[in-house]
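Asks: need a structure here:
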Amino acid sequence: MPLLGLGQRRHPELDSLFISNPDRSSQNIPSGAELKPIWDEVNDALWAAFTNLLPADWTQKHTAVSEEDYKLEPHRNRFTILLGRTAHLSYHFGQAKLARLK
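Replies: The predicted structure follows:
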(Lines give C-alpha, C1' and ligand atoms only; values in the text may rest on other atoms or scores of the structure.)
Protein backbone atom coordinates (compact mmCIF):
# COMPACT_ATOMS: atom_id res chain seq x y z
CA MET A 1 0.00 0.00 0.00
CA PRO A 2 2.80 2.49 0.71
CA LEU A 3 4.39 1.75 -2.68
CA LEU A 4 1.13 2.73 -4.37
CA GLY A 5 0.66 5.74 -2.08
CA LEU A 6 -2.55 4.21 -0.72
CA GLY A 7 -1.88 4.02 3.00
CA GLN A 8 0.30 2.66 5.73
CA ARG A 9 2.13 -0.64 5.73
CA ARG A 10 0.20 -3.50 7.29
CA HIS A 11 1.75 -6.34 9.29
CA PRO A 12 5.45 -5.45 9.10
CA GLU A 13 5.98 -8.09 11.80
CA LEU A 14 5.79 -10.70 9.02
CA ASP A 15 8.80 -9.26 7.17
CA SER A 16 11.33 -11.30 9.15
CA LEU A 17 9.46 -14.51 8.28
CA PHE A 18 8.79 -13.92 4.60
CA ILE A 19 11.04 -11.14 3.29
CA SER A 20 14.15 -10.36 5.35
CA ASN A 21 15.37 -13.90 5.98
CA PRO A 22 15.90 -16.92 3.73
CA ASP A 23 13.13 -19.47 3.31
CA ARG A 24 12.87 -22.04 6.08
CA SER A 25 15.12 -20.00 8.40
CA SER A 26 12.39 -19.85 11.05
CA GLN A 27 10.57 -22.68 12.72
CA ASN A 28 7.68 -20.41 13.76
CA ILE A 29 5.88 -19.95 10.45
CA PRO A 30 2.19 -19.15 11.01
CA SER A 31 -0.30 -21.66 9.68
CA GLY A 32 -2.50 -20.96 6.70
CA ALA A 33 -5.44 -20.53 9.06
CA GLU A 34 -3.49 -17.87 10.99
CA LEU A 35 -2.44 -16.05 7.80
CA LYS A 36 -5.88 -16.10 6.14
CA PRO A 37 -7.40 -13.25 8.22
CA ILE A 38 -4.31 -11.13 7.56
CA TRP A 39 -4.53 -11.90 3.84
CA ASP A 40 -8.22 -10.95 3.84
CA GLU A 41 -7.57 -7.73 5.75
CA VAL A 42 -4.86 -6.59 3.34
CA ASN A 43 -6.92 -7.54 0.28
CA ASP A 44 -9.99 -5.72 1.64
CA ALA A 45 -7.92 -2.59 2.29
CA LEU A 46 -6.42 -2.74 -1.20
CA TRP A 47 -9.82 -3.25 -2.83
CA ALA A 48 -11.29 -0.32 -0.90
CA ALA A 49 -8.41 1.89 -2.05
CA PHE A 50 -8.59 0.64 -5.65
CA THR A 51 -12.29 1.39 -5.97
CA ASN A 52 -11.59 5.03 -5.09
CA LEU A 53 -8.97 5.48 -7.81
CA LEU A 54 -9.91 7.13 -11.07
CA PRO A 55 -8.39 5.79 -14.29
CA ALA A 56 -5.94 8.70 -14.41
CA ASP A 57 -4.79 7.90 -10.87
CA TRP A 58 -3.39 4.58 -12.07
CA THR A 59 -0.92 6.37 -14.34
CA GLN A 60 0.56 8.39 -11.46
CA LYS A 61 4.07 7.52 -10.32
CA HIS A 62 4.54 5.06 -7.51
CA THR A 63 6.42 6.11 -4.38
CA ALA A 64 9.70 4.31 -5.18
CA VAL A 65 10.46 6.46 -8.23
CA SER A 66 11.64 10.07 -8.20
CA GLU A 67 9.89 12.81 -10.16
CA GLU A 68 12.92 13.08 -12.46
CA ASP A 69 13.03 9.36 -13.20
CA TYR A 70 9.27 9.25 -13.71
CA LYS A 71 9.52 11.95 -16.36
CA LEU A 72 12.05 9.78 -18.20
CA GLU A 73 10.17 6.53 -17.58
CA PRO A 74 6.43 7.22 -17.25
CA HIS A 75 5.70 3.50 -17.31
CA ARG A 76 6.91 3.38 -13.68
CA ASN A 77 3.41 3.96 -12.37
CA ARG A 78 0.82 2.42 -10.09
CA PHE A 79 -0.71 0.29 -12.82
CA THR A 80 2.64 -1.27 -13.69
CA ILE A 81 3.13 -2.16 -10.03
CA LEU A 82 -0.28 -3.82 -9.95
CA LEU A 83 0.47 -5.80 -13.12
CA GLY A 84 3.87 -6.92 -11.85
CA ARG A 85 2.59 -7.98 -8.44
CA THR A 86 -0.33 -9.84 -10.02
CA ALA A 87 2.02 -11.69 -12.37
CA HIS A 88 4.28 -12.58 -9.43
CA LEU A 89 1.33 -13.90 -7.46
CA SER A 90 0.12 -15.98 -10.40
CA TYR A 91 3.58 -17.54 -10.67
CA HIS A 92 3.44 -18.66 -7.04
CA PHE A 93 -0.15 -19.85 -7.47
CA GLY A 94 1.08 -22.07 -10.30
CA GLN A 95 3.84 -23.39 -8.07
CA ALA A 96 1.32 -24.21 -5.36
CA LYS A 97 -0.92 -26.05 -7.83
CA LEU A 98 2.01 -28.09 -9.13
CA ALA A 99 3.17 -28.91 -5.59
CA ARG A 100 -0.27 -30.32 -4.79
CA LEU A 101 0.06 -32.76 -7.70
CA LYS A 102 3.11 -34.47 -6.17
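Asks: residue nearest the middle of this protein, spatially speaking?
Replies: The chain has residue 85 as the residue nearest its centroid, 5.8 Å off, counting by Cα atoms, centre = their mean.
Asks: residue 62 versus that one, what's the distance?
Replies: Per Cβ to Cβ, to the nearest Å, residue 85 is found 11 Å from residue 62. Just so you know, the C-beta spots here come from the backbone N, C-alpha and C atoms, and that holds for glycine as well.
Asks: same thing with residue 70?
Replies: Distance, residue 70 to residue 62, using Cβ to Cβ: 9 Å.
Asks: name the helices or strands packed onto the longest helix seen in the chain?
Replies: The longest helix of the chain (DSSP state H) is helix 78-101. Packed against helix 78-101 by the contact rule (3 or more Cβ pairs under 8 Å, 6 or more residues apart in numbering; DSSP states H and E) you find helix 55-58.
Asks: show me how the protein divides into domains.
Replies: 1-52, 56-102 (automatic domain parsing).
Asks: what touches both of residue 70 and residue 62?
Replies: 76-77 (Cβ atoms under 8 Å, 6 or more residues apart in numbering).
Asks: contacts for the lowest-mean-pLDDT helix or strand in the chain, please.
Replies: Within the chain, confidence by mean pLDDT, DSSP states H and E is lowest for helix 15-18 among all helices and strands, at a mean of 89. Contact with helix 15-18 is made by 26, 28-30, as judged by Cβ under 8 Å, 6+ apart.
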